[in-house]
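J.: quick one: sequence plus predicted model below, questions after.
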Amino acid sequence: NYDNVAAMAEGVIVGGLDNMRYATGVQTASETQSESGNLSYAGRVNYNYGNKYLLEIAARYDASTNFAPEYRWGFFPSVSAGWVISDEPFFKNNITAVDFLKLRGSLGFMGGDATKAYNWLTSYSIQTGKGAVFGGNADRPLIVSPNNAMANRNARWDNNTKYNFGIDAQFLKNRLSLSLDAFYDHRYNMLTALTSSVPLLVGATLPSENFASVDGFGYEFSLGWTDKITNDWSYRINTFLTWNDNKQLKVDVDKGKIGTYEDPIGQSTDMGVQGYSYLGMFRTQQEVESFIAKNPNYTIFGAAPKPGMLYYEDIRGPKDASGQFTAPDGKITDADQKFLTKKANNHYGIGFNVSTTYKNLSISAVMGASFGGQSVIESAARSQATLTANRPQFWADHWTPENTAAAYPSPYYRDNYNVVSEFWFANSLSLGMRNFNISYGLPAKLAKSVGLSSLKVYLVSVNPFNFYNPYSYKTYSGSYDAYPTLRSFSLGLNVGL
(Lines give C-alpha, C1' and ligand atoms only; values in the text may rest on other atoms or scores of the structure.)
Protein backbone atom coordinates (compact mmCIF):
# COMPACT_ATOMS: atom_id res chain seq x y z
CA ASN A 1 0.00 0.00 0.00
CA TYR A 2 1.63 3.23 -1.16
CA ASP A 3 0.64 6.82 -0.41
CA ASN A 4 2.90 9.31 -2.20
CA VAL A 5 2.68 13.01 -1.49
CA ALA A 6 4.60 15.61 -3.53
CA ALA A 7 4.70 19.35 -3.00
CA MET A 8 6.29 22.26 -4.86
CA ALA A 9 6.73 25.98 -4.21
CA GLU A 10 7.88 28.74 -6.55
CA GLY A 11 9.79 31.89 -5.71
CA VAL A 12 12.31 30.36 -3.31
CA ILE A 13 14.13 32.90 -1.13
CA VAL A 14 17.88 32.66 -1.74
CA GLY A 15 19.65 31.65 1.44
CA GLY A 16 16.48 30.43 3.12
CA LEU A 17 16.03 27.11 4.83
CA ASP A 18 14.92 23.95 3.04
CA ASN A 19 11.32 24.66 3.95
CA MET A 20 8.31 25.60 1.82
CA ARG A 21 7.71 28.58 4.12
CA TYR A 22 10.80 30.18 2.58
CA ALA A 23 9.09 30.63 -0.77
CA THR A 24 6.80 33.42 -1.89
CA GLY A 25 5.29 31.99 -5.06
CA VAL A 26 2.57 29.53 -5.92
CA GLN A 27 2.52 26.33 -3.87
CA THR A 28 1.10 23.09 -5.23
CA ALA A 29 0.70 19.63 -3.75
CA SER A 30 -0.35 16.28 -5.15
CA GLU A 31 -1.05 12.87 -3.69
CA THR A 32 -1.25 9.44 -5.30
CA GLN A 33 -2.24 6.15 -3.73
CA SER A 34 -1.76 2.59 -4.95
CA GLU A 35 -2.37 -0.79 -3.46
CA SER A 36 -1.31 -4.21 -4.72
CA GLY A 37 -0.42 -7.55 -3.25
CA ASN A 38 0.03 -11.28 -3.56
CA LEU A 39 -0.99 -14.03 -1.19
CA SER A 40 0.11 -17.65 -1.40
CA TYR A 41 -0.58 -20.87 0.41
CA ALA A 42 1.77 -23.75 -0.34
CA GLY A 43 1.88 -27.37 0.76
CA ARG A 44 3.91 -30.47 0.03
CA VAL A 45 3.67 -34.18 0.79
CA ASN A 46 6.65 -36.52 0.36
CA TYR A 47 6.63 -40.30 0.26
CA ASN A 48 9.80 -42.41 0.41
CA TYR A 49 9.79 -46.18 0.49
CA GLY A 50 13.22 -47.62 1.21
CA ASN A 51 14.92 -44.81 -0.75
CA LYS A 52 13.72 -46.72 -3.81
CA TYR A 53 10.27 -45.39 -4.58
CA LEU A 54 9.96 -41.61 -4.30
CA LEU A 55 6.86 -39.46 -4.65
CA GLU A 56 6.19 -35.78 -4.01
CA ILE A 57 2.89 -33.95 -4.37
CA ALA A 58 2.88 -30.19 -4.03
CA ALA A 59 0.28 -27.46 -4.50
CA ARG A 60 0.08 -23.69 -4.44
CA TYR A 61 -2.97 -21.51 -4.04
CA ASP A 62 -2.03 -18.01 -5.17
CA ALA A 63 -3.90 -14.72 -5.31
CA SER A 64 -2.98 -11.57 -7.20
CA THR A 65 -4.60 -8.14 -7.21
CA ASN A 66 -3.79 -7.97 -10.93
CA PHE A 67 -7.10 -9.80 -11.47
CA ALA A 68 -10.70 -9.10 -10.61
CA PRO A 69 -11.93 -10.64 -7.33
CA GLU A 70 -13.76 -13.49 -9.08
CA TYR A 71 -10.57 -14.53 -10.93
CA ARG A 72 -8.03 -13.57 -8.28
CA TRP A 73 -7.15 -17.05 -7.05
CA GLY A 74 -5.32 -19.76 -8.97
CA PHE A 75 -4.63 -23.36 -7.96
CA PHE A 76 -1.33 -24.86 -9.20
CA PRO A 77 -0.61 -28.51 -8.34
CA SER A 78 2.44 -30.58 -9.28
CA VAL A 79 3.60 -34.14 -8.85
CA SER A 80 7.03 -35.75 -9.21
CA ALA A 81 8.14 -39.35 -8.89
CA GLY A 82 11.41 -41.25 -8.88
CA TRP A 83 12.43 -44.89 -9.11
CA VAL A 84 15.88 -46.10 -8.05
CA ILE A 85 16.04 -49.14 -10.31
CA SER A 86 19.54 -50.03 -9.18
CA ASP A 87 18.15 -51.03 -5.76
CA GLU A 88 15.85 -53.62 -7.30
CA PRO A 89 17.05 -57.23 -6.81
CA PHE A 90 16.67 -58.08 -10.50
CA PHE A 91 18.99 -55.17 -11.34
CA LYS A 92 21.58 -55.74 -8.60
CA ASN A 93 21.95 -59.41 -9.41
CA ASN A 94 22.36 -59.01 -13.17
CA ILE A 95 23.92 -55.62 -13.94
CA THR A 96 27.10 -54.96 -11.98
CA ALA A 97 28.57 -52.28 -14.23
CA VAL A 98 26.00 -49.71 -13.02
CA ASP A 99 26.33 -48.62 -9.38
CA PHE A 100 23.29 -46.35 -9.35
CA LEU A 101 20.40 -45.77 -11.75
CA LYS A 102 17.39 -43.58 -11.13
CA LEU A 103 14.47 -42.61 -13.34
CA ARG A 104 12.48 -39.50 -12.46
CA GLY A 105 9.69 -37.44 -13.91
CA SER A 106 7.45 -34.56 -12.98
CA LEU A 107 4.27 -32.86 -14.10
CA GLY A 108 3.30 -29.38 -12.97
CA PHE A 109 0.49 -26.96 -13.66
CA MET A 110 1.81 -23.44 -13.19
CA GLY A 111 0.45 -19.96 -13.86
CA GLY A 112 1.47 -16.34 -14.17
CA ASP A 113 0.02 -12.88 -13.53
CA ALA A 114 2.15 -10.83 -15.95
CA THR A 115 -0.25 -7.97 -16.54
CA LYS A 116 -0.69 -4.44 -15.27
CA ALA A 117 -2.36 -4.10 -11.91
CA TYR A 118 -6.04 -3.07 -11.94
CA ASN A 119 -6.30 -3.41 -15.72
CA TRP A 120 -9.58 -5.18 -14.98
CA LEU A 121 -11.03 -1.98 -13.58
CA THR A 122 -11.69 1.29 -15.39
CA SER A 123 -10.18 4.11 -13.33
CA TYR A 124 -10.51 7.85 -13.76
CA SER A 125 -8.51 10.99 -13.05
CA ILE A 126 -9.59 14.62 -12.67
CA GLN A 127 -7.83 16.96 -15.11
CA THR A 128 -8.16 20.74 -15.00
CA GLY A 129 -8.23 23.10 -17.96
CA LYS A 130 -9.30 20.50 -20.51
CA GLY A 131 -13.07 20.82 -20.55
CA ALA A 132 -15.25 22.45 -23.20
CA VAL A 133 -16.41 26.08 -22.95
CA PHE A 134 -19.89 27.05 -24.15
CA GLY A 135 -21.08 30.64 -24.59
CA GLY A 136 -18.20 32.88 -23.60
CA ASN A 137 -14.48 33.13 -22.92
CA ALA A 138 -14.41 31.57 -19.47
CA ASP A 139 -11.53 29.33 -18.38
CA ARG A 140 -11.76 25.76 -19.52
CA PRO A 141 -13.27 23.63 -16.74
CA LEU A 142 -12.10 20.30 -15.36
CA ILE A 143 -12.93 16.92 -16.82
CA VAL A 144 -13.02 13.35 -15.54
CA SER A 145 -10.89 11.23 -17.89
CA PRO A 146 -10.32 7.44 -17.87
CA ASN A 147 -6.76 6.35 -17.09
CA ASN A 148 -7.14 3.20 -19.15
CA ALA A 149 -9.19 3.35 -22.33
CA MET A 150 -10.51 -0.18 -21.96
CA ALA A 151 -10.68 -2.67 -19.09
CA ASN A 152 -10.77 -6.46 -19.18
CA ARG A 153 -12.44 -7.95 -16.15
CA ASN A 154 -12.18 -11.46 -17.61
CA ALA A 155 -8.36 -11.58 -17.47
CA ARG A 156 -7.14 -14.44 -15.29
CA TRP A 157 -4.02 -16.46 -14.50
CA ASP A 158 -2.33 -17.83 -17.60
CA ASN A 159 -1.51 -21.55 -17.82
CA ASN A 160 1.78 -23.41 -18.09
CA THR A 161 1.84 -27.20 -18.13
CA LYS A 162 5.40 -28.41 -17.47
CA TYR A 163 6.72 -31.89 -18.18
CA ASN A 164 10.16 -33.10 -17.12
CA PHE A 165 11.94 -36.42 -17.43
CA GLY A 166 15.38 -37.32 -16.14
CA ILE A 167 17.89 -40.13 -15.70
CA ASP A 168 20.71 -40.23 -13.12
CA ALA A 169 23.39 -42.91 -13.25
CA GLN A 170 26.75 -43.67 -11.64
CA PHE A 171 29.49 -46.05 -12.72
CA LEU A 172 32.98 -47.22 -11.75
CA LYS A 173 32.44 -47.20 -7.99
CA ASN A 174 30.37 -44.01 -8.21
CA ARG A 175 33.26 -42.01 -9.64
CA LEU A 176 31.61 -41.48 -13.04
CA SER A 177 28.20 -39.79 -12.98
CA LEU A 178 25.75 -39.15 -15.81
CA SER A 179 22.52 -37.15 -15.91
CA LEU A 180 20.02 -36.51 -18.68
CA ASP A 181 17.13 -34.05 -18.38
CA ALA A 182 14.46 -33.21 -20.93
CA PHE A 183 11.62 -30.71 -20.53
CA TYR A 184 8.53 -29.67 -22.42
CA ASP A 185 6.45 -26.62 -21.45
CA HIS A 186 3.05 -25.89 -22.92
CA ARG A 187 2.04 -22.31 -22.18
CA TYR A 188 -1.45 -21.23 -23.16
CA ASN A 189 -3.92 -18.49 -22.27
CA MET A 190 -0.84 -16.29 -21.98
CA LEU A 191 -1.61 -12.73 -20.92
CA THR A 192 -1.03 -10.60 -24.01
CA ALA A 193 -1.71 -6.94 -24.78
CA LEU A 194 -2.72 -7.17 -28.43
CA THR A 195 -1.22 -4.50 -30.71
CA SER A 196 -0.24 -5.91 -34.12
CA SER A 197 -3.53 -7.69 -34.93
CA VAL A 198 -5.79 -4.88 -33.71
CA PRO A 199 -7.48 -2.75 -36.40
CA LEU A 200 -6.57 0.93 -36.36
CA LEU A 201 -10.28 1.73 -36.04
CA VAL A 202 -10.17 0.62 -32.39
CA GLY A 203 -8.24 3.78 -31.54
CA ALA A 204 -7.27 2.70 -28.03
CA THR A 205 -4.70 0.63 -26.18
CA LEU A 206 -6.15 -2.77 -25.37
CA PRO A 207 -5.73 -4.38 -21.95
CA SER A 208 -4.06 -7.74 -21.52
CA GLU A 209 -6.15 -10.77 -22.35
CA ASN A 210 -5.61 -14.53 -22.21
CA PHE A 211 -4.58 -15.10 -25.79
CA ALA A 212 -1.17 -16.50 -26.79
CA SER A 213 0.17 -20.04 -26.72
CA VAL A 214 3.85 -21.03 -26.96
CA ASP A 215 5.57 -24.39 -26.43
CA GLY A 216 9.10 -24.57 -25.02
CA PHE A 217 11.40 -27.58 -25.00
CA GLY A 218 14.99 -28.56 -24.43
CA TYR A 219 17.43 -30.95 -22.82
CA GLU A 220 20.57 -31.06 -20.70
CA PHE A 221 23.20 -33.80 -20.67
CA SER A 222 25.91 -33.78 -18.00
CA LEU A 223 28.89 -36.00 -17.28
CA GLY A 224 31.06 -35.87 -14.16
CA TRP A 225 34.10 -37.58 -12.70
CA THR A 226 35.15 -37.50 -9.04
CA ASP A 227 38.26 -39.22 -7.73
CA LYS A 228 41.24 -39.07 -5.39
CA ILE A 229 44.91 -39.13 -6.35
CA THR A 230 46.02 -39.54 -2.74
CA ASN A 231 44.22 -39.31 0.59
CA ASP A 232 45.00 -35.58 0.66
CA TRP A 233 44.44 -34.82 -3.00
CA SER A 234 41.03 -35.02 -4.69
CA TYR A 235 39.56 -33.57 -7.85
CA ARG A 236 36.26 -33.25 -9.69
CA ILE A 237 35.44 -32.63 -13.35
CA ASN A 238 31.94 -31.89 -14.62
CA THR A 239 30.75 -31.11 -18.14
CA PHE A 240 27.33 -30.46 -19.59
CA LEU A 241 25.59 -29.77 -22.90
CA THR A 242 22.27 -27.90 -23.09
CA TRP A 243 19.84 -27.00 -25.86
CA ASN A 244 16.51 -25.18 -25.82
CA ASP A 245 14.03 -23.67 -28.26
CA ASN A 246 10.32 -22.96 -28.59
CA LYS A 247 7.40 -22.95 -31.01
CA GLN A 248 4.74 -20.26 -31.35
CA LEU A 249 1.27 -21.75 -31.64
CA LYS A 250 -0.83 -18.62 -31.26
CA VAL A 251 0.60 -15.12 -31.01
CA ASP A 252 -0.26 -11.51 -31.78
CA VAL A 253 0.80 -11.03 -35.41
CA ASP A 254 0.22 -8.34 -38.02
CA LYS A 255 -2.31 -9.60 -40.57
CA GLY A 256 0.01 -8.41 -43.32
CA LYS A 257 2.59 -11.01 -42.26
CA ILE A 258 0.22 -13.98 -42.29
CA GLY A 259 1.11 -16.34 -45.13
CA THR A 260 4.43 -14.59 -45.84
CA TYR A 261 7.98 -15.51 -44.88
CA GLU A 262 7.51 -13.41 -41.72
CA ASP A 263 4.54 -15.42 -40.45
CA PRO A 264 5.60 -16.61 -36.97
CA ILE A 265 2.84 -19.18 -36.44
CA GLY A 266 4.41 -22.61 -36.07
CA GLN A 267 7.88 -21.07 -35.88
CA SER A 268 10.34 -20.42 -33.09
CA THR A 269 10.53 -16.94 -31.59
CA ASP A 270 14.08 -17.05 -32.99
CA MET A 271 13.41 -17.29 -36.73
CA GLY A 272 16.97 -16.34 -37.62
CA VAL A 273 18.80 -13.22 -38.74
CA GLN A 274 16.58 -11.11 -40.98
CA GLY A 275 18.35 -9.07 -43.63
CA TYR A 276 19.51 -8.83 -47.23
CA SER A 277 21.27 -11.52 -49.24
CA TYR A 278 24.73 -10.09 -49.98
CA LEU A 279 26.03 -10.63 -53.51
CA GLY A 280 29.21 -8.57 -53.55
CA MET A 281 30.85 -5.14 -53.68
CA PHE A 282 31.15 -2.95 -56.75
CA ARG A 283 34.86 -2.18 -57.00
CA THR A 284 35.15 -0.48 -60.38
CA GLN A 285 32.92 1.39 -62.81
CA GLN A 286 33.34 -1.48 -65.26
CA GLU A 287 31.81 -3.89 -62.74
CA VAL A 288 28.87 -1.52 -62.28
CA GLU A 289 28.26 -1.20 -66.01
CA SER A 290 28.54 -4.96 -66.55
CA PHE A 291 26.00 -5.62 -63.77
CA ILE A 292 23.57 -2.96 -65.05
CA ALA A 293 23.74 -4.47 -68.53
CA LYS A 294 22.39 -7.72 -67.09
CA ASN A 295 20.06 -6.04 -64.57
CA PRO A 296 18.68 -2.84 -66.11
CA ASN A 297 16.98 -0.34 -63.79
CA TYR A 298 18.62 -1.99 -60.77
CA THR A 299 18.64 0.35 -57.76
CA ILE A 300 19.73 -0.09 -54.14
CA PHE A 301 17.35 1.68 -51.76
CA GLY A 302 16.54 4.16 -54.51
CA ALA A 303 20.16 4.89 -55.48
CA ALA A 304 21.89 3.87 -58.69
CA PRO A 305 24.83 1.46 -58.19
CA LYS A 306 28.27 3.06 -57.82
CA PRO A 307 31.76 1.77 -57.12
CA GLY A 308 32.28 1.19 -53.40
CA MET A 309 28.71 0.06 -52.82
CA LEU A 310 27.49 -3.31 -51.61
CA TYR A 311 24.77 -4.94 -53.67
CA TYR A 312 22.13 -7.49 -52.77
CA GLU A 313 19.84 -10.12 -54.25
CA ASP A 314 16.50 -8.94 -55.63
CA ILE A 315 14.13 -11.50 -54.08
CA ARG A 316 10.66 -10.05 -54.48
CA GLY A 317 8.64 -6.97 -55.31
CA PRO A 318 6.15 -4.99 -53.22
CA LYS A 319 2.90 -6.49 -51.96
CA ASP A 320 -0.14 -6.54 -54.21
CA ALA A 321 -3.75 -5.81 -53.26
CA SER A 322 -4.14 -9.29 -51.74
CA GLY A 323 -1.22 -8.69 -49.36
CA GLN A 324 1.15 -11.10 -51.12
CA PHE A 325 4.60 -10.18 -52.40
CA THR A 326 5.01 -9.79 -56.16
CA ALA A 327 7.81 -11.05 -58.41
CA PRO A 328 11.32 -9.49 -58.29
CA ASP A 329 11.25 -5.98 -59.75
CA GLY A 330 14.96 -5.10 -60.00
CA LYS A 331 14.82 -2.70 -57.04
CA ILE A 332 16.30 -3.44 -53.63
CA THR A 333 13.78 -2.37 -50.97
CA ASP A 334 12.51 -3.61 -47.60
CA ALA A 335 10.58 -6.27 -49.49
CA ASP A 336 13.83 -8.05 -50.40
CA GLN A 337 14.66 -9.10 -46.87
CA LYS A 338 14.62 -12.72 -45.81
CA PHE A 339 15.81 -14.86 -42.94
CA LEU A 340 19.46 -15.44 -43.74
CA THR A 341 20.06 -18.09 -41.07
CA LYS A 342 17.97 -20.63 -39.21
CA LYS A 343 18.84 -19.10 -35.84
CA ALA A 344 20.09 -15.74 -34.59
CA ASN A 345 20.81 -16.66 -30.97
CA ASN A 346 22.96 -19.40 -29.49
CA HIS A 347 20.67 -22.25 -28.44
CA TYR A 348 23.46 -24.65 -27.44
CA GLY A 349 25.54 -24.29 -24.31
CA ILE A 350 28.55 -26.21 -23.03
CA GLY A 351 30.00 -26.06 -19.54
CA PHE A 352 33.27 -27.38 -18.14
CA ASN A 353 33.80 -27.12 -14.39
CA VAL A 354 36.92 -28.41 -12.67
CA SER A 355 38.03 -28.29 -9.05
CA THR A 356 40.82 -29.82 -6.99
CA THR A 357 41.73 -29.83 -3.32
CA TYR A 358 45.13 -30.66 -1.88
CA LYS A 359 45.13 -30.50 1.92
CA ASN A 360 44.22 -26.85 2.65
CA LEU A 361 44.60 -25.61 -0.93
CA SER A 362 41.52 -25.47 -3.18
CA ILE A 363 41.32 -24.39 -6.82
CA SER A 364 38.17 -24.27 -8.99
CA ALA A 365 37.31 -22.90 -12.42
CA VAL A 366 34.05 -22.51 -14.32
CA MET A 367 34.31 -22.41 -18.11
CA GLY A 368 31.52 -22.11 -20.63
CA ALA A 369 30.72 -21.87 -24.29
CA SER A 370 27.64 -21.20 -26.40
CA PHE A 371 27.07 -21.71 -30.11
CA GLY A 372 24.46 -22.36 -32.77
CA GLY A 373 23.42 -18.84 -33.68
CA GLN A 374 24.73 -16.06 -35.87
CA SER A 375 26.32 -12.82 -34.69
CA VAL A 376 26.20 -9.61 -36.71
CA ILE A 377 28.39 -6.53 -36.41
CA GLU A 378 26.02 -4.07 -34.80
CA SER A 379 24.70 -0.89 -36.42
CA ALA A 380 26.71 1.39 -34.10
CA ALA A 381 29.93 -0.12 -35.48
CA ARG A 382 28.69 -0.12 -39.08
CA SER A 383 27.43 3.45 -39.08
CA GLN A 384 29.21 6.37 -40.67
CA ALA A 385 31.50 8.27 -38.30
CA THR A 386 30.56 11.74 -37.09
CA LEU A 387 32.44 14.69 -35.58
CA THR A 388 31.79 13.30 -32.11
CA ALA A 389 31.70 9.54 -32.71
CA ASN A 390 34.60 7.46 -33.98
CA ARG A 391 34.31 4.07 -35.60
CA PRO A 392 36.20 0.77 -35.16
CA GLN A 393 39.69 0.36 -36.57
CA PHE A 394 38.55 -2.07 -39.29
CA TRP A 395 37.09 0.89 -41.21
CA ALA A 396 40.66 2.00 -42.05
CA ASP A 397 40.59 -0.53 -44.89
CA HIS A 398 37.61 0.94 -46.78
CA TRP A 399 37.03 1.41 -50.48
CA THR A 400 38.51 4.42 -52.25
CA PRO A 401 39.34 4.92 -55.94
CA GLU A 402 42.96 4.16 -54.97
CA ASN A 403 42.06 1.15 -52.78
CA THR A 404 39.55 -0.82 -54.83
CA ALA A 405 40.54 -4.13 -53.20
CA ALA A 406 39.52 -2.89 -49.73
CA ALA A 407 37.78 -5.18 -47.27
CA TYR A 408 34.99 -2.69 -46.50
CA PRO A 409 32.74 -0.46 -48.63
CA SER A 410 32.94 3.28 -49.07
CA PRO A 411 31.71 4.95 -45.85
CA TYR A 412 30.07 7.66 -47.96
CA TYR A 413 27.11 5.47 -49.01
CA ARG A 414 25.82 4.86 -45.49
CA ASP A 415 22.27 3.98 -46.54
CA ASN A 416 23.70 1.27 -48.76
CA TYR A 417 25.80 -0.68 -46.27
CA ASN A 418 24.25 0.03 -42.86
CA VAL A 419 21.74 -2.79 -43.16
CA VAL A 420 21.94 -6.39 -41.98
CA SER A 421 23.42 -8.77 -44.54
CA GLU A 422 25.86 -11.67 -44.69
CA PHE A 423 28.63 -9.12 -45.29
CA TRP A 424 28.50 -8.20 -41.60
CA PHE A 425 28.29 -11.72 -40.22
CA ALA A 426 30.56 -12.74 -37.34
CA ASN A 427 30.98 -16.05 -35.56
CA SER A 428 28.57 -16.39 -32.64
CA LEU A 429 30.80 -18.78 -30.67
CA SER A 430 31.40 -17.60 -27.11
CA LEU A 431 34.12 -19.41 -25.16
CA GLY A 432 35.83 -18.38 -21.97
CA MET A 433 36.51 -18.89 -18.29
CA ARG A 434 33.70 -17.23 -16.37
CA ASN A 435 34.92 -17.76 -12.82
CA PHE A 436 38.17 -18.76 -11.09
CA ASN A 437 38.74 -19.34 -7.36
CA ILE A 438 41.82 -20.25 -5.37
CA SER A 439 41.97 -20.41 -1.59
CA TYR A 440 44.40 -21.58 1.04
CA GLY A 441 43.66 -22.19 4.69
CA LEU A 442 46.48 -22.04 7.19
CA PRO A 443 46.85 -25.32 9.12
CA ALA A 444 45.14 -25.19 12.51
CA LYS A 445 48.38 -25.58 14.46
CA LEU A 446 50.03 -22.66 12.67
CA ALA A 447 46.91 -20.53 13.10
CA LYS A 448 46.86 -21.26 16.83
CA SER A 449 50.54 -20.37 17.13
CA VAL A 450 49.71 -16.80 16.05
CA GLY A 451 46.65 -16.57 18.27
CA LEU A 452 43.99 -17.30 15.65
CA SER A 453 41.41 -20.04 15.36
CA SER A 454 41.57 -19.95 11.53
CA LEU A 455 43.14 -18.01 8.70
CA LYS A 456 42.18 -18.30 5.03
CA VAL A 457 43.30 -16.29 2.02
CA TYR A 458 41.46 -16.41 -1.29
CA LEU A 459 41.52 -14.98 -4.81
CA VAL A 460 38.31 -14.75 -6.86
CA SER A 461 38.20 -13.67 -10.50
CA VAL A 462 35.19 -13.07 -12.76
CA ASN A 463 35.72 -13.34 -16.55
CA PRO A 464 39.50 -13.84 -16.15
CA PHE A 465 40.08 -15.36 -19.60
CA ASN A 466 38.32 -15.21 -22.95
CA PHE A 467 39.48 -17.99 -25.27
CA TYR A 468 37.74 -16.80 -28.43
CA ASN A 469 36.56 -13.40 -29.64
CA PRO A 470 35.51 -12.84 -33.28
CA TYR A 471 35.61 -9.06 -32.84
CA SER A 472 38.70 -6.86 -33.05
CA TYR A 473 37.03 -3.81 -31.53
CA LYS A 474 35.11 -5.06 -28.47
CA THR A 475 34.74 -7.93 -26.04
CA TYR A 476 32.73 -11.02 -26.93
CA SER A 477 29.47 -9.46 -25.75
CA GLY A 478 27.89 -6.03 -25.61
CA SER A 479 27.88 -3.24 -28.18
CA TYR A 480 30.62 -1.11 -29.67
CA ASP A 481 29.44 2.06 -27.95
CA ALA A 482 28.29 0.49 -24.66
CA TYR A 483 30.02 -0.23 -21.38
CA PRO A 484 32.26 -3.28 -21.90
CA THR A 485 32.13 -6.61 -20.13
CA LEU A 486 34.22 -6.32 -16.97
CA ARG A 487 37.04 -8.56 -15.77
CA SER A 488 37.45 -8.42 -12.00
CA PHE A 489 39.89 -9.82 -9.43
CA SER A 490 39.21 -9.90 -5.69
CA LEU A 491 41.77 -10.78 -3.02
CA GLY A 492 40.42 -11.52 0.44
CA LEU A 493 41.37 -12.72 3.88
CA ASN A 494 39.15 -14.55 6.39
CA VAL A 495 40.36 -14.41 9.96
CA GLY A 496 38.83 -16.36 12.84
CA LEU A 497 39.63 -15.09 16.34
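T.: Sure, I can see it.
J.: now do stretch 424-432, average pLDDT.
T.: Mean per-residue pLDDT for stretch 424-432: 95.
J.: quick one: contacts of that stretch?
T.: Contact with stretch 424-432 is made by 273, 345-346, 367-377, 382, 463, 465-468, 470-471, 476-477, as judged by Cβ atoms under 8 Å, 6 or more residues apart in numbering. Placement of C-beta: from N, CA and C, glycine included.
J.: buried among the residues you listed? Make that a PyMOL selection.
T.: Buried residues among the contacts of stretch 424-432 (16 or more other Cβ atoms under 10 Å), as a PyMOL selection:
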select buried, resi 273+345+346+367+368+369+370+372+373+374+375+376+377+382+463+466+471+476
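J.: among the contacts of stretch 424-432, which ones are in helices?
T.: Judged by DSSP state H, helices contain the following of the contacts of stretch 424-432: Arg382.
J.: filter the contacts of stretch 424-432 down to the ones in strands?
T.: Met367, Gly368, Ala369, Ser370, Phe371, Ser375, Val376, Asn463, Phe465, Asn466, Phe467, Tyr468 (DSSP state E).
J.: now, which of the residues you listed sits nearest Lys52?
T.: Closest approach between the ones in strands among the contacts of stretch 424-432 and Lys52, by Cβ to Cβ: Gly368, at 35.6 Å.
J.: can you name the residues bridging to the closest one?
T.: Beta bridges link Gly368 to Gly351, Gly432, judged by DSSP bridges.
J.: touching, it and Asn435? I think so.
T.: No - assessed by Cβ atoms under 8 Å, Gly368 is found out of contact with Asn435, at 9.3 Å.
J.: for Val79, give me its contacts.
T.: Leu55, Glu56, Ile57, Ala58, Ser106, Leu107, Gly108.
J.: for Trp296, helix, strand, or coil?
T.: Rather than Trp, residue 296 is Pro. Three-state call for Pro296 (DSSP: H, G, I helix; E, B strand; the rest coil): coil.
J.: likewise for Glu70?
T.: Secondary structure, three-state DSSP: Glu70 is helix.
J.: for the lengthiest strand in the chain, which helices and strands make contact with it?
T.: Longest strand of the chain, by residue count under DSSP E: strand 209-230. Other elements packing on strand 209-230 under the criterion 3 or more Cβ pairs under 8 Å, 6 or more residues apart in numbering; DSSP states H and E are strand 176-192, strand 233-250.
J.: mind listing what's buried in that strand?
T.: Neighbour counts over strand 209-230 (16+ other Cβ under 10 Å) mark Glu209, Asn210, Phe211, Ala212, Ser213, Val214, Asp215, Gly216, Glu220, Ser222, Gly224 as buried.
J.: mind putting the residues you listed into JSON lines with pLDDT and distance to Ile126?
T.: Below are those laid out as JSON lines (pLDDT from 0 to 100; distance: Cβ to Cβ, whole Å):
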{"residue": "Glu209", "pLDDT": "93", "distance to Ile126": "29"}
{"residue": "Asn210", "pLDDT": "95", "distance to Ile126": "33"}
{"residue": "Phe211", "pLDDT": "95", "distance to Ile126": "33"}
{"residue": "Ala212", "pLDDT": "96", "distance to Ile126": "36"}
{"residue": "Ser213", "pLDDT": "97", "distance to Ile126": "41"}
{"residue": "Val214", "pLDDT": "97", "distance to Ile126": "41"}
{"residue": "Asp215", "pLDDT": "98", "distance to Ile126": "46"}
{"residue": "Gly216", "pLDDT": "98", "distance to Ile126": "45"}
{"residue": "Glu220", "pLDDT": "98", "distance to Ile126": "55"}
{"residue": "Ser222", "pLDDT": "97", "distance to Ile126": "60"}
{"residue": "Gly224", "pLDDT": "97", "distance to Ile126": "65"}
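J.: please identify which pair of these lies farthest apart.
T.: Top of the distance list for the buried residues of strand 209-230 (Cβ to Cβ): Glu209 and Gly224, 46.2 Å.
J.: check Ala149 and give its pLDDT.
T.: So, for Ala149, pLDDT stands at 68.
J.: burial count for Leu486?
T.: The number of residues packed near Leu486 is 8, by other Cβ atoms under 10 Å.
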